[in-house]
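Novice: fold the following for me, if possible:
(2 chains)
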Amino acid sequence: MENRTPEINELLPLTAAVFQILLALADQERHGYGIMQEVAAMTQNQVQMGPGTLYGTIKRMLNARLIAESDERPDPELDDERRRYYRLTDWGQQVLAAETQRLSALVSVAQTKRVFGGAGGGV
Amino acid sequence: MTSRPAFDGLPSAERLYRSLLWVYPAAYRREYGALMTQLFRDLRRDAYRQAGRVGVVRLWGRILAELTVTATVEHIYSLQEGARTMSKQQHWLILSLAGLPLWLGMFLLLLNPIFMRQMVVPNAAQPLGWLMTAAILGLTVGAYALQRKLLLAGATDTSAGVTQDHRFLRSVLFGPLLAHLPWRHGVLFVGSVLFLVLPALLLVLLGPALMSLLARGLLP
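Specialist: The predicted structure is shown next:
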């Protein structure tokens, strides 16, 4: 059965949930609740993942080796040791960079077409 | 932020949420059930702090809606994962078992006019015939779904659920015949066509025609 690592382009475009989780983990390792809070903060509370969406997506991202479970506890004093922390893998970072570049190119196109003009501000 | 009374009732809400997790596949529940419950506890605490009981009610609405969708998705993925670990012999066995009632249904349908003629109630023939056709078509759809599931499972790669190119959705809608034409399973592919699709086509094509002939009294 097939279990090869796909090319980056085969994975793009990422689902919104996958992209947001990758982005949430870009600067530091986080547990599920931390990821959820970071995603809400990044999107000004427009995206609020539920437990089912979060862990379903995490499961598939682990399968795709975009993220991995971390053994380290960033803040053992405050931490509940039952929580699981996740971190980006090298592969996850590459995919995140590729997706960001793709989206950035789209934003550039939107800028050249002046689609932000009427919405009250530029980017 | 307004000060709220002590946050109570958590254990019962948590118990209720934990019991709702039974809608997820067992393996998924074992892996993530405790983490999801813990996350629910955090979310409920936040919702209560921000908006009191109204916030908690709103959270429950969101959680229930999400639970319905994600549990269905997880079951589909779980079925795929289960089928992916099957050997070709097991695939064949299941295909045969799925195809058997279909073939039986087709022969019953072909023999239908003879059965109908034996009926004591004269006007019962047509509705009964349609009912039979519907039942057999139901079987066909079920068997095709099983075949789709089995073939699709082998074609699932690590990008499943990560990319938004809707390969998965496309396969669910159109089945492996269209979504995975590259003959990934060779003989298994041909076998499934013979076992499932052929009798299904015959049923769909011949069933209504026979019914029509029977209704017009053109059959002996």
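Novice: residue boundaries of the strands in chain A?
Specialist: In chain A, the strands defined using DSSP state E lie at A:30-31, A:67-70, A:85-88.
Novice: state the pLDDT value of residue 104.
Specialist: You didn't say which chain, so I picked chain A. The model reports A:Ser104 with a pLDDT of 95.
Novice: meant chain B, my bad for not saying
Specialist: With respect to pLDDT, B:Leu104 has a value of 67.
Novice: downstream of the helix or strand containing B:Pro11, the next helix or strand is which one?
Specialist: Element membership of B:Pro11 [criterion: DSSP states H and E] is helix B:10-20. Scanning forward in sequence from helix B:10-20 by DSSP H and E, the next helix or strand is helix B:26-84.
Novice: report the mean per-residue pLDDT for that next one.
Specialist: 87.
Novice: please apply the same query to stretch A:6-17.
Specialist: Here the average pLDDT along stretch A:6-17 is 85.
Novice: where's the residue nearest to B:His75 when sequence neighbours are not counted relative to chain A, distance?
Specialist: Excluding the flanking residues, the one nearest B:His75 by C-beta to C-beta, 6 or more residues apart in numbering or on different chains is B:Pro25, at 5.6 Å. Just so you know, the C-beta spots here come from the backbone N, C-alpha and C atoms, and that holds for glycine as well. Using C-beta to the nearest C-beta, to the nearest Å, one gets 11 Å for the distance from B:Pro25 to chain A.
Novice: next, B:Pro25: phi, psi?
Specialist: Taking degrees, to the nearest 10, you get phi -60, psi 150 for the backbone angles of B:Pro25.
Novice: rewinding a little: chain B is nearest to which of the strands of chain A?
Specialist: strand A:30-31 (8.6 Å; C-beta to the nearest C-beta).
Novice: which residues touch the closest one?
Specialist: A:Ala24, A:Glu38, A:Arg83, A:Arg84, A:Tyr85, A:Tyr86 (C-beta atoms under 8 Å, 6 or more residues apart in numbering or on different chains).
Novice: sheet-wise, list the partners of it with their directions.
Specialist: strand A:85-88 (antiparallel) (DSSP bridges).
Novice: would you pull up how far the partner strand lies from the middle of the chain?
Specialist: Centroid displacement of strand A:85-88 relative to its chain, using C-alpha atoms, centre = their mean, to the nearest Å, is 11 Å.
Novice: what does it rub up against?
Specialist: Contacts for strand A:85-88 (C-beta under 8 Å, 6+ apart): A:22, A:25-26, A:29-32, A:35, A:58, A:66-70, A:72-74, A:96.
Novice: so how far is chain A from B:Ser12?
Specialist: B:Ser12 is 18 Å from chain A, by C-beta to the nearest C-beta.
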